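> My questions concern the predicted model and sequence given below.
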Amino acid sequence: MRLSAMVSNTEAAELLRSIADLLDLQGEQFKPEAYRRAARSIESLPEPLSKYADRGELRAIPGIGEAISEKLTEFLATGRLGYLDQLRTEIPTGVVQLMRLPGIGPKTARRLWIEFRVESPSALRTAIDAGRLSGAKGFGERKIAQFREAAGARPAGARTPIAEAWPRAQRLVAAIRERLTGEERAEIAGSLRRCRETIGDVDLLVGSRRSTEVFDRVAQGPDVLDVLLRGDTKMTVVLEGGLQVDVRVVDLESYGAALVYFTGSKDHNVRLRTLAKDLGLKVNEYGVYRGERRIAGRTEYDVYDAIGLSWIPPEMREDRGEIDLATTDSVPQLVELADLRGDWHGRLAADATPDDLDRALAEARRRRLDYVGILVHGTDEEGHPAELPAETRQRLAVRRERRRPGEARVLVGGEFATVTNGEADREVDFRVLRAQGPPPPATQRLGTGWRLVSHLGPAPDDAAERERWEGWLAFAASHGLWIEVGPGPERLDSDGARELLRRGGAVHVATGFDRPPEDPTGPISLGFARRAWAKASDVGNALRLADLESPASARPGQDATMRSSARRARSATSGRTSIS
């Protein structure tokens with residue numbers, strides 16, 4: 001059986017460490033270290049773990065015996081592990097959060113949980129304030145003071161949702177660019193550039209020889225609260241809210257190599273170094289070297305080319321098979337901003353005014369969208385009927401009939417919790433199906449105009465909810481409905497989008513035209529789709545409206561190469577091919 005190449009070595013190692021942490025909390029003596037030893041071995045592998053599994057060589061890896069081998073095989077085959085799911089049901093989530101606070105490891109967290117019934121950081125603060133820890137063996141005044149500080153601190157290894165980190169990082173990098181001249185450059189790197197759903201620290205890279213001027217600007221930058229470190233080439237600052245930012249300044253001759261290195265991922269970089277070594281080369285953050293001579297480093301394209309690879313988009317760099325594709329110049333052409341022709345899920349506030357509508361349409365025009373769909377009635381968060389105010393609906397009807405020059409075509413839609421083709425929805429141009437409760441039966445027939453499934457979030461951990469979630473993916477894929485991808489609890493994340501594409505479905509990329517210009521929904525949604533390896537042919541709102549209105553074309557994927565190429569050619573000078 002050939003196992004999944006979409007699970008990276010880092011993900012597998014993190015899985016084993018999660019098991020070790022939970023076993024620590026259960027009081028196990030020896031098993032936790034066995035799982036951590038196996039995790040360390042996996043991180044040092046020169047090849048993807050899936051290749052060892054395909055060859056039947058998992059147990060040849062140091063530290064991996066029969067039990068761990070069976071668990072890894074299950075994880076590689078399904079992307080889930082029943083043993084870990086079971087452990088999670090046995091330990092309160094708050095206790096795991098408690099263990100990750102600074103200075104509180106698994107043993108102390110277990111003692112707080114078992115002896116004092118402390119099951120979360122907030123419960124720890126309450127216990128300290130009530131004096132319940134005072135006088136306990138090993139918990140002196142100094143230790144309790146450390147607990148109090150830890151309970152109010154950002155947990156070690158805590159990650160920030162990308163929607164929070166994105167605008168802050170963009171503001172800071174924009175402030176740096178204001179001071180750059182000539183060929184000097186500044187870019188976001190790290191997991192934020194790869195569009196991971198959560199971010200540890202933000203990495204910024206600057207190509208310049210004027211580090212003093214760059215760091216002076218960073219210190220006075222937007223949201224900067226404190227400077228933790230300032231050296232010759234690296235500066236670390238903390239933003240309001242506790243997000244840490246590392247800024248590195250490198251010479252332009254090394255800029256491309258540094259951007260590859262600090263973008264990551266770790267697994268991806270390990271594979272690059274292994275390939276380089278096989279060619280008699282060395283690659284690091286300064287360049288690609290043959291002996292002592294640097295042969296590449298100025299651009300990312302040069303770095304990849306020097307080790308026999310085509311350039312790989314940042315969102316793909318997780319060692320999930322992208323390097324194998326790059327060796328044969330087979331990296332897919334991922335969906336780009338220029339491919340998005342419209343948006344079918346424009347949602348205005350329940351009290352939106354006509355001016356709010358005009359602002360949304362102006363934003364759609366600024367984004368060069370050909371068409372926008374705006375919901376005029378549907379359901380609220382509880383599934384109850386909801387509609388736009390009458391005055392706003394009247395303005396919308398006018399804009400629908402009288403399209404201004406250069407403006408997106410306006411369509412009106414309804415969002416429904418059940419499949420219906422009754423009188424209530426005949427006035428709309430399209431329909432959206434809200435993922436509320438279980439999906440309709442697979443035999444359900446849809447009328448015309450149904451476009452997408454809304455309000456389906458990332459894959460849940462609960463087994464029953466996971467089954468319902470997968471049922472919606474299957475229904476959407478089999479009925480030609482798209483599912484929205486993007487940030488937040490009511491859109492698919494990149495893993496969910498990848499699973500939908502695997503099932504033959506298609507995504508809808510939220511553009512954020514109905515939000516303020518600085519809102520990060522659009523670029524993050526596009527990043528998640530690219531992280532799922534989506535091509536333009538996998539995206540519903542990359543289709544032309546004429547294609548959708550034609551009876552012969554109801555789904556994405558038809559003539560996608562021609563459409564994508566034409567779209568990019570049309571906007572070659574518009575700057576709409578980058579998500580950053």
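Looks like it came in fine. Residues are numbered from 1 along each chain as shown.
> can you count the residues close to residue 394?
Residue 394 has 12 neighbours, counted by other C-beta atoms under 10 Å. (C-beta placed from N, C-alpha, C; glycine too.)
> likewise residue 502?
Residue crowding around residue 502 was assessed by other C-beta under 10 Å; the count is 15.
> so what's residue 81 up against?
15, 71, 74, 75 (C-beta atoms under 8 Å, 6 or more residues apart in numbering).
> what about it, distance to residue 219?
45 Å (C-beta to C-beta, to the nearest Å).
> do the same with residue 362
For residue 362, the distance to residue 219 - C-beta to C-beta - is 37 Å.
> Also residue 441?
As judged by C-beta to C-beta, residue 441 and residue 219 stand 61 Å apart.
> For residue 205, what is the enclosing helix or strand?
strand 202-207 (DSSP states H and E).
> pLDDT weak spots in the protein?
Applying pLDDT under 70 to the chain picks out residues 1-6, 152-157, 377-386, 421-426, 550-580.
> still on that earlier bit, would you mind telling me which of residue 441 and residue 219 has the busier surroundings?
Per other C-beta under 10 Å, whichever of residue 441 and residue 219 has more neighbours is residue 219, with 14 against 9.
> Return the distance of stretch 404-414 from the chain's centre.
Stretch 404-414 sits 30 Å away from the centroid of its parent chain (C-alpha atoms, centre = their mean, to the nearest Å).
> which residues in the stretch 301-450 of the chain form helices?
322-327, 354-366, 390-401 (DSSP state H, counting those that start in this stretch).
> In terms of secondary structure, what does the second one contact?
Taking 3 or more C-beta pairs under 8 Å, 6 or more residues apart in numbering; DSSP states H and E as the contact definition, the neighbouring helices and strands of helix 354-366 are strand 371-379, helix 390-401.
> Now render those as CSV, adding distance to residue 527.
Below are the helices and strands packed on helix 354-366 laid out as CSV (distance: least, C-beta to C-beta, whole Å):
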stretch, distance to residue 527
strand 371-379, 21
helix 390-401, 30
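> Deepest-packed of those, please.
Comparing the helices and strands packed on helix 354-366 by mean neighbour count (mean count of other C-beta atoms under 10 Å), strand 371-379 comes out on top with a mean of 22.
> re earlier: next SSE after the strand holding residue 205?
Per DSSP H and E, strand 202-207 leads on to helix 211-219 as the next helix or strand towards the C-terminus.
> Let me know the next secondary structure element after that next one.
strand 224-230.
> what pairs with that following strand, and is each one parallel or antiparallel?
Partner strands and pairing direction for strand 224-230 (DSSP bridges) are strand 234-239 (antiparallel).
> which other residues reach the strand it pairs with?
Residues contacting strand 234-239 (C-beta under 8 Å, 6+ apart): 168, 172, 215, 218-219, 221, 223-230, 244-249.
> Stretch 189-196 now?
Stretch 189-196 is contacted by residues 162, 165-166, 169, 187, 198-205, 259, 262-265, 314-315, 317-318, 494, 524, 527-528, 530-531, 579-580 when judged by C-beta under 8 Å, 6+ apart.
> Okay, the residue in the chain sticking out farthest from the centre and residue 141: tell me how far apart.
Within the chain, the residue lying farthest from the chain centre (C-alpha atoms, centre = their mean) is residue 135, at 45.9 Å. Shown here: residue 135 relative to residue 141, a distance of 10 Å by C-beta to C-beta.
> Can you give the strand pairings for the helix or strand in which residue 295 is found, parallel or anti for each?
Element membership of residue 295, judged by DSSP H and E, is strand 293-296. Strands that pair with strand 293-296, judged by DSSP bridges, come out as strand 287-290 (antiparallel).
> what does the partner strand contact?
For strand 287-290, the external contacting residues (C-beta under 8 Å, 6+ apart) are 253-254, 257, 276, 280-283, 294-297, 302-303, 306-307.
> thinking again about what came up before, out of the contacts of residue 81, who's the most crowded?
When neighbours are counted as other C-beta under 10 Å, the busiest of the contacts of residue 81 turns out to be residue 75, with 23 neighbours.
> Alright, I will stop here.
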